[in-house]
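In: next comes the sequence, and after it the predicted model I'd like to discuss.
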Amino acid sequence: MHPWWRGAVIYQIYPRSFRDSNGDGIGDLAGITEKLDYVRALGVDAIWISPFFKSPMKDFGYDVADYRAVDPIFGSNKDFDRLLEEAHARGLKVVIDMVMAHTSDQHPWFAESRSSRDNPKADWYVWADAREDGSPPNNWISTFGGSTWQWDTRRSQYYLHHFLKEQPNLDWHNDEMVEAMLDEARYWLRKGVDGLRLDAISTLVHDAELRDNPPAPPEAGRVAVATERGSNFSMQLHIHDRDRPEIMAKFERLKDMMDEFPGAFTLG
């Protein structure tokens, strides 16, 4: 028997703009539930729901402050339970977004991590000392431009962020943190979700030696593209800050966790 996801049509739903059930101008989970018959009539096999977790919304939900709580603007955990039940009753699978490479800077893990250099979660995020002149540890560039390092006065260190400075990167070289993050995913899989879409998965692992990235070849258009997008991200070869070969071992950890839930799958 083939897995359900082979050849499946998956319909992405961005909750904020899909269906507003309570008239506050923001789409919500109850709105998705209201339109499941419509979605089913499209002939799709599954829905993939973009992040709905508690978040300060600096990056519209991709900055997660609590992986186990639905943000109030989208409803409640009970609203999600009903959505899942109603979708399954219609033969629709449900895939959710899991942002596993970084959290919001409002996440309790980060609040503890930044509080000191010797707290229990001190090494759950990527921290590094400044260079002798006070500059960032290396030359890595954020996806949105500028340094991928942000100075934190509490620890007198820099922390890594591949996107916004409000999205500090978790340290996947730390096994304790990895197991904690897998438990966040297990929470939803135990509820019965059918799969996880893994956001920004290429940024999961960084070079532990924090080596500088080399410049990109001076091919035609490189600088023009950087200027047009307002970001100098394309001016480096990103061989040390993302898409690292060590990521495969982390994928094995993810696969072992997913094997606890037969039929569920991941999409990166």
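Out: Looks like it came in fine.

In: when you work out contacts or count neighbours from here on, use the C-alpha atoms and nothing else.
Out: Fine.

In: and the longest helix for the chain?
Out: helix 175-191 (DSSP state H).

In: and W127, what does it touch?
Out: Contacts for W127 (Cα atoms under 8 Å, 6 or more residues apart in numbering) come out as Q157, Y158, Y159, L160.

In: now those residues as TSV including pLDDT, neighbour count and secondary structure?
Out: Below are the contacts of W127 laid out as TSV (pLDDT from 0 to 100; neighbours: other Cα atoms under 10 Å; DSSP: H, G, I helix; E, B strand; the rest coil):
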residue	pLDDT	neighbour count	secondary structure
Q157	98	19	strand
Y158	98	21	strand
Y159	98	24	strand
L160	98	28	strand
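
In: would you indicate which residues of stretch 240-260 are buried?
Out: H240, D241, R242, D243, R244, E246, I247, K250, L254, M258 (16 or more other Cα atoms under 10 Å).

In: and the strands in the stretch 51-200 of the chain?
Out: Secondary structure of the stretch 51-200 of the chain by DSSP state E, counting those that start in this stretch: the strands cover 53-54, 66-70, 93-99, 127-128, 149-152, 157-160, 195-199.

In: surely Q150 meets L164?
Out: No. Here Q150 does not reach L164: they are 9.7 Å apart, not a contact under Cα atoms under 8 Å.

In: tell me what angle the longest helix of the chain forms with strand 66-70.
Out: Here helix 175-191 runs at an angle of 20 degrees relative to strand 66-70 (axes from the mean of the first three to the mean of the last three Cα atoms, to 10 degrees).

In: got the angle for helix 175-191 vs strand 195-199?
Out: 140 degrees.

In: list the helices and strands helix 175-191 packs on?
Out: Secondary-structure packing of helix 175-191 (3 or more Cα pairs under 8 Å, 6 or more residues apart in numbering; DSSP states H and E): strand 66-70, helix 247-258.

In: using CSV, list the CA coordinates for the last one.
Out: Read that as helix 247-258. Taking Å, rounded to 0.1, in the frame of the first residue of the first chain, the C-alpha atoms of helix 247-258 are listed here in CSV:
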residue,chain,number,x,y,z
ILE,A,247,22.3,18.5,8.7
MET,A,248,21.9,14.9,7.5
ALA,A,249,22.5,13.6,11.0
LYS,A,250,19.7,15.9,12.3
PHE,A,251,17.4,14.6,9.6
GLU,A,252,18.0,11.1,10.9
ARG,A,253,16.9,12.3,14.4
LEU,A,254,13.8,13.8,12.8
LYS,A,255,13.1,10.6,10.9
ASP,A,256,13.4,8.5,14.0
MET,A,257,10.9,10.8,15.7
MET,A,258,8.5,10.6,12.8
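
In: quick one: average confidence on it?
Out: What helix 247-258 shows for mean pLDDT is 96.

In: could you do the first one as well?
Out: Average pLDDT, strand 66-70: 98.

In: swap in stretch 16-26?
Out: 97.

In: so what's the gap between it and the chain middle?
Out: Stretch 16-26 sits 23 Å away from the centroid of its parent chain (Cα atoms, centre = their mean, to the nearest Å).

In: ok, now stretch 120-136?
Out: When C-alpha coordinates are averaged (Cα atoms, centre = their mean), stretch 120-136 and its chain have centres 22 Å apart.

In: list the buried ones in it?
Out: Along stretch 120-136, these residues count as buried under the neighbour rule (16+ other Cα under 10 Å): K121, A122, D123, W124, Y125, V126, W127, A128, A130, P136.

In: need the contact list for the residue positioned nearest the centre of the chain.
Out: For the chain, the residue nearest the mean C-alpha position is V99 (1.9 Å; Cα atoms, centre = their mean). By Cα under 8 Å, 6+ apart, the contact set of V99 is Y62, D63, V64, L198, D199, A200.
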